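Asks: what follows is a protein structure lacking sequence information:
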């Protein structure tokens, strides 16, 4: 964070690059990471049969998952809007995109080892990688067009479900297959531990991008503002740090959570003997 003191110190002389980060967006992204961690901790407890919960049918868990994914995509859309206001090369974008896509591939490989029958083939990172490319194609559109596309994306799966009964069965089944299901026009959820298809979720990112663009153009708006360092509490600083390091944290948190709980399961019977 930029220092508030006038004397030049090592901390005051260097952090100009950190000004390129949006503090409030980092805090929001960090909050999403904390919520996701709590969700996954509860899921791991259930998976190891330490706490019986139905994560696949219970609305409490289903709606929480939807809210967490929405928050991730909201932050991604706002972040892309902020990036558009700064000098940035296509090379930098695609370097970042390759990092996200590579991490998505690692998630697929890791989940296959744990859940071979329901591994993650198009989860949140896969969806985000695809949506970032699609967003880049339409980022020059007006806000009115973007909102129209966002609404269409969010409504499309429901409209398709309504119309699917009148479509040829062969077409419906083709769209349900694993290669085409990431589009999101499915009549049944595929067997996978995480599924974030392009439709309807692209609508969240498009709407967030449009909102973020308006925020960045408005003086005194919430998004481009910075948190005053002396006024920051340690939770705000912690969340901002987490938001700045969200991708490595995302890749490591389940290894730590699941590994710790599995170790606890192994050691607990020995400790009770």
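Replies: Received the coordinates, thanks. Everything numeric in this text was worked out from a predicted model, so none of it was measured.
Asks: which ones are touching the closest residue to residue 155 other than its chain neighbours?
Replies: Counting by Cβ to Cβ, 6 or more residues apart in numbering, residue 155 lies nearest to residue 200, which is 7.4 Å off, once chain neighbours are set aside. For the C-beta atoms, the positions are set from N, CA and C on the backbone; glycine is no exception. Neighbour list for residue 200: 153, 154, 155, 156, 157, 184 [criterion: Cβ atoms under 8 Å, 6 or more residues apart in numbering].
Asks: show the subsequent helix or strand relative to the helix or strand containing residue 200.
Replies: In this assignment (DSSP states H and E), residue 200 forms part of helix 198-216. Downstream of helix 198-216, the next assigned helix or strand under DSSP H and E is helix 234-244.
Asks: what residues of the following helix or strand past that next one count as buried?
Replies: Counting by DSSP H and E, the next helix or strand C-terminal to helix 234-244 is helix 246-272. For helix 246-272, burial by neighbour count (16 or more other Cβ atoms under 10 Å) applies to 246, 249, 250, 254, 257, 258, 261.
Asks: taking helix 234-244 as reference, get the angle to helix 246-272.
Replies: 110 degrees (axes from the mean of the first three to the mean of the last three Cα atoms, to 10 degrees).
Asks: what's the pLDDT at residue 129?
Replies: pLDDT recorded at residue 129 is 97.
Asks: with adjacent residues omitted, what lies nearest to it?
Replies: That would be residue 101: by Cβ to Cβ, 6+ apart, it lies 4.5 Å from residue 129.
Asks: so what touches the helix or strand harbouring that neighbour?
Replies: Assigned by DSSP H and E, residue 101 belongs to helix 90-114. For helix 90-114, contacts defined as Cβ under 8 Å, 6+ apart pick out 83, 119-121, 123, 125-126, 128-129, 132-133, 136, 193-194, 247, 250-251, 258.
Asks: report the buried members of the residues you listed.
Replies: 83, 119-121, 123, 125-126, 128-129, 132, 193-194, 250, 258.
Asks: now, which of the contacts of residue 200 sits nearest residue 233?
Replies: Within the contacts of residue 200, distances to residue 233 taken as Cβ to Cβ reach their minimum at residue 154, with 35.4 Å.
Asks: which ones are touching the closest one?
Replies: Taking Cβ under 8 Å, 6+ apart as the test, what residue 154 contacts is 200, 203, 204.
Asks: mind running it again at 7 Å?
Replies: 200, 203 (Cβ atoms under 7 Å, 6 or more residues apart in numbering).
Asks: middle-most residue in this structure, spatially?
Replies: residue 72 (3.3 Å; Cα atoms, centre = their mean).
Asks: what about it, helix or strand, and which?
Replies: helix 59-84.
Asks: could you check the angle the host helix or strand of residue 158 makes with helix 198-216?
Replies: Element membership for residue 158, per DSSP H and E: helix 143-163. Between helix 143-163 and helix 198-216, the angle comes out at 160 degrees (the same axes, to 10 degrees).
Asks: now helix 143-163: buried residues?
Replies: In helix 143-163, counting by 16+ other Cβ under 10 Å, buried: 146, 147, 149, 150, 153, 154, 156, 157, 160.
Asks: what is the mean pLDDT for it?
Replies: Helix 143-163 comes out at a mean pLDDT of 96.
Asks: and the next element down the chain from that helix?
Replies: Assigned by DSSP H and E, the successor of helix 143-163 is helix 169-176.
Asks: coming back round to it: reformat the buried residues of helix 246-272 as TSV; add pLDDT.
Replies: As requested, the buried residues of helix 246-272 are exported to TSV (pLDDT from 0 to 100):
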residue	pLDDT
246	95
249	96
250	96
254	92
257	94
258	91
261	92
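Asks: out of those, which is nearest to residue 22?
Replies: Scanning these for proximity to residue 22, where the rule is Cβ to Cβ, the winner is residue 246, at 13.2 Å.
Asks: what's the most distant pair in the buried ones among the contacts of helix 90-114?
Replies: 83 and 258 (33.1 Å).
Asks: report the contact partners of residue 118.
Replies: By Cβ under 7 Å, 6+ apart, residue 118 lies in contact with 191, 192, 193.
Asks: can you tell me which of these end up in strands?
Replies: Applying DSSP state E to the contacts of residue 118, no entry is found in strands.
Asks: mind putting those into TSV with pLDDT?
Replies: Listed next are the contacts of residue 118 as TSV, based on pLDDT from 0 to 100:
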residue	pLDDT
191	93
192	94
193	92
